[in-house]
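Peer 1: dropping the sequence and predicted coords here.
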Amino acid sequence: MEISQSWPSLLQQRLIENGYTHQVFNSSIAGDTTQGGATRLPRLLDKNQPDVVILELGGNDGLRGLPIEVTGKNLSSMIEQSQSAGAAVILSEMRIPPNYGRTYTEKFNTLYTTLADQYNVSLLPFLLDDIALQPDLMMADGIHPTAKAQPLILDKVWRQLEPLLPQP
(Lines give C-alpha, C1' and ligand atoms only; values in the text may rest on other atoms or scores of the structure.)
Protein backbone atom coordinates (compact mmCIF):
# COMPACT_ATOMS: atom_id res chain seq x y z
CA MET A 1 0.00 0.00 0.00
CA GLU A 2 1.26 3.45 -0.87
CA ILE A 3 1.66 5.91 2.03
CA SER A 4 -0.79 8.22 0.26
CA GLN A 5 -3.46 5.51 0.67
CA SER A 6 -3.06 5.24 4.45
CA TRP A 7 -5.70 6.66 6.77
CA PRO A 8 -3.27 9.28 8.20
CA SER A 9 -2.65 10.59 4.67
CA LEU A 10 -6.36 10.51 3.94
CA LEU A 11 -6.91 12.37 7.22
CA GLN A 12 -4.61 15.16 6.09
CA GLN A 13 -6.61 15.41 2.85
CA ARG A 14 -9.90 15.54 4.75
CA LEU A 15 -8.61 18.27 7.06
CA ILE A 16 -7.64 20.38 4.06
CA GLU A 17 -10.95 19.69 2.28
CA ASN A 18 -12.82 20.86 5.40
CA GLY A 19 -10.81 24.06 5.77
CA TYR A 20 -8.59 23.00 8.67
CA THR A 21 -4.95 24.07 8.77
CA HIS A 22 -3.80 21.27 11.11
CA GLN A 23 -0.90 19.08 10.02
CA VAL A 24 -0.94 15.31 10.54
CA PHE A 25 2.30 13.86 11.88
CA ASN A 26 2.24 10.09 11.60
CA SER A 27 4.96 8.90 13.95
CA SER A 28 4.04 5.23 13.88
CA ILE A 29 6.61 2.51 13.38
CA ALA A 30 5.51 -0.90 12.15
CA GLY A 31 5.81 -3.51 14.87
CA ASP A 32 6.29 -0.94 17.62
CA THR A 33 5.22 -1.50 21.21
CA THR A 34 3.97 0.93 23.82
CA GLN A 35 7.49 1.04 25.27
CA GLY A 36 8.84 2.34 21.98
CA GLY A 37 6.04 4.88 21.74
CA ALA A 38 6.57 6.06 25.31
CA THR A 39 10.28 6.48 24.63
CA ARG A 40 9.74 8.54 21.44
CA LEU A 41 6.76 10.63 22.59
CA PRO A 42 8.49 13.38 24.63
CA ARG A 43 10.63 14.43 21.65
CA LEU A 44 7.62 14.27 19.31
CA LEU A 45 5.47 16.40 21.61
CA ASP A 46 8.22 18.99 21.93
CA LYS A 47 8.91 19.06 18.19
CA ASN A 48 5.31 19.07 16.90
CA GLN A 49 3.32 20.69 19.76
CA PRO A 50 0.10 18.91 18.73
CA ASP A 51 -3.43 19.97 19.55
CA VAL A 52 -4.58 16.34 19.42
CA VAL A 53 -2.65 13.11 19.91
CA ILE A 54 -4.11 9.86 18.62
CA LEU A 55 -2.54 6.96 20.52
CA GLU A 56 -2.90 3.80 18.48
CA LEU A 57 -0.51 1.48 20.28
CA GLY A 58 -0.59 -1.73 22.24
CA GLY A 59 -1.63 -4.29 19.67
CA ASN A 60 1.93 -5.55 19.33
CA ASP A 61 2.25 -5.67 23.12
CA GLY A 62 -0.75 -7.98 23.20
CA LEU A 63 0.43 -10.13 20.31
CA ARG A 64 3.76 -10.57 22.13
CA GLY A 65 2.00 -11.47 25.37
CA LEU A 66 3.62 -8.61 27.29
CA PRO A 67 2.27 -8.00 30.80
CA ILE A 68 -0.95 -5.96 30.76
CA GLU A 69 0.42 -3.85 33.62
CA VAL A 70 3.41 -2.80 31.49
CA THR A 71 1.20 -1.88 28.54
CA GLY A 72 -1.13 0.05 30.85
CA LYS A 73 1.77 1.90 32.48
CA ASN A 74 3.19 2.91 29.11
CA LEU A 75 -0.18 4.06 27.77
CA SER A 76 -0.85 5.99 30.99
CA SER A 77 2.51 7.70 30.66
CA MET A 78 1.78 8.71 27.06
CA ILE A 79 -1.68 10.03 27.96
CA GLU A 80 -0.26 12.05 30.86
CA GLN A 81 2.58 13.44 28.76
CA SER A 82 0.20 14.43 25.96
CA GLN A 83 -2.21 16.11 28.35
CA SER A 84 0.63 17.93 30.10
CA ALA A 85 1.70 19.23 26.68
CA GLY A 86 -1.81 20.67 26.22
CA ALA A 87 -3.01 18.10 23.68
CA ALA A 88 -6.39 16.41 23.66
CA VAL A 89 -5.98 12.64 23.51
CA ILE A 90 -7.81 10.03 21.50
CA LEU A 91 -6.99 6.53 22.68
CA SER A 92 -7.51 3.93 19.98
CA GLU A 93 -8.84 0.69 21.36
CA MET A 94 -6.90 -2.46 20.51
CA ARG A 95 -8.04 -6.06 20.45
CA ILE A 96 -6.19 -9.36 20.33
CA PRO A 97 -7.36 -12.79 19.22
CA PRO A 98 -8.77 -15.12 21.88
CA ASN A 99 -5.94 -17.66 21.61
CA TYR A 100 -3.97 -15.83 24.33
CA GLY A 101 -6.24 -17.28 26.95
CA ARG A 102 -9.45 -15.92 28.40
CA THR A 103 -7.93 -14.05 31.37
CA TYR A 104 -5.21 -12.28 29.38
CA THR A 105 -7.52 -11.46 26.47
CA GLU A 106 -10.24 -10.02 28.72
CA LYS A 107 -7.75 -7.91 30.69
CA PHE A 108 -6.17 -6.65 27.49
CA ASN A 109 -9.49 -5.85 25.85
CA THR A 110 -10.76 -3.87 28.87
CA LEU A 111 -7.51 -1.93 29.37
CA TYR A 112 -8.41 0.79 26.86
CA THR A 113 -11.86 1.52 28.28
CA THR A 114 -10.39 1.65 31.78
CA LEU A 115 -7.69 4.13 30.73
CA ALA A 116 -10.10 6.29 28.72
CA ASP A 117 -12.38 6.53 31.75
CA GLN A 118 -9.49 7.13 34.17
CA TYR A 119 -8.00 9.97 32.12
CA ASN A 120 -11.25 11.29 30.64
CA VAL A 121 -10.01 10.91 27.06
CA SER A 122 -11.88 10.04 23.91
CA LEU A 123 -11.94 6.30 23.18
CA LEU A 124 -11.77 5.40 19.51
CA PRO A 125 -13.49 2.03 19.04
CA PHE A 126 -11.31 -0.74 17.61
CA LEU A 127 -10.43 0.37 14.10
CA LEU A 128 -10.83 -3.08 12.59
CA ASP A 129 -14.34 -3.78 13.88
CA ASP A 130 -16.43 -4.55 10.79
CA ILE A 131 -13.21 -4.78 8.77
CA ALA A 132 -11.16 -7.67 10.20
CA LEU A 133 -13.62 -10.36 9.14
CA GLN A 134 -13.84 -9.16 5.55
CA PRO A 135 -11.02 -10.83 3.59
CA ASP A 136 -11.00 -8.19 0.85
CA LEU A 137 -10.29 -5.52 3.48
CA MET A 138 -7.40 -7.38 5.11
CA MET A 139 -3.92 -8.24 3.91
CA ALA A 140 -2.89 -11.89 3.61
CA ASP A 141 -1.44 -11.79 7.15
CA GLY A 142 -4.96 -11.32 8.53
CA ILE A 143 -3.70 -8.55 10.83
CA HIS A 144 -3.24 -5.47 8.67
CA PRO A 145 -5.94 -3.69 6.67
CA THR A 146 -5.66 -3.13 2.92
CA ALA A 147 -5.77 0.17 1.06
CA LYS A 148 -9.47 -0.49 0.43
CA ALA A 149 -10.08 -0.43 4.22
CA GLN A 150 -8.31 2.88 4.82
CA PRO A 151 -11.26 5.19 3.99
CA LEU A 152 -13.43 3.17 6.40
CA ILE A 153 -10.81 3.59 9.12
CA LEU A 154 -10.58 7.29 8.35
CA ASP A 155 -14.34 7.68 8.86
CA LYS A 156 -14.05 6.10 12.32
CA VAL A 157 -11.14 8.36 13.27
CA TRP A 158 -12.89 11.45 11.90
CA ARG A 159 -15.99 10.85 14.05
CA GLN A 160 -13.79 11.06 17.17
CA LEU A 161 -11.42 13.76 15.96
CA GLU A 162 -13.68 16.38 14.42
CA PRO A 163 -15.45 17.34 17.68
CA LEU A 164 -12.03 18.08 19.24
CA LEU A 165 -10.98 20.53 16.52
CA PRO A 166 -11.83 24.22 16.59
CA GLN A 167 -14.03 25.25 13.70
CA PRO A 168 -12.01 26.46 10.71
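Peer 2: Perfect, thanks for sending it. Residues are numbered from 1 along each chain as shown.

Peer 1: list the contacts for Tyr119?
Peer 2: Ser76, Ile79, Glu80, Gln83, Val89, Leu91 (Cβ atoms under 8 Å, 6 or more residues apart in numbering). For the C-beta atoms, the positions are set from N, CA and C on the backbone; glycine is no exception.

Peer 1: those, buried ones only, as a PyMOL selection?
Peer 2: Buried residues among these (16 or more other Cβ atoms under 10 Å), as a PyMOL selection:
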select buried, resi 79+89+91
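
Peer 1: in strands only, show me the contacts of Tyr119.
Peer 2: Val89, Leu91 (DSSP state E).

Peer 1: and of the contacts of Tyr119, the nearest to Ala140?
Peer 2: Proximity of these to Ala140 (Cβ to Cβ) peaks at Leu91, which lies at 28.9 Å.

Peer 1: quick one: the closest one from Gln167, how far?
Peer 2: 24 Å (Cβ to Cβ, to the nearest Å).

Peer 1: Asn120: neighbour count?
Peer 2: Applying other Cβ atoms under 10 Å, we find 9 other residues in the vicinity of Asn120.

Peer 1: if I look at it, how far off is Asp32?
Peer 2: Asn120 is 26 Å from Asp32, by Cβ to Cβ.

Peer 1: could you pull out the strands for this structure?
Peer 2: Under DSSP E, the chain gives strands at 52-55, 88-92, 122-124.

Peer 1: I'd like the distance from the lowest-mean-pLDDT helix or strand in the chain to the chain centre, please.
Peer 2: Across the helices and strands of the chain, mean pLDDT, DSSP states H and E gives its lowest value to helix 59-63, namely a mean of 94. Its chain's C-alpha centre and that of helix 59-63 lie 13 Å apart, by Cα atoms, centre = their mean, to the nearest Å.
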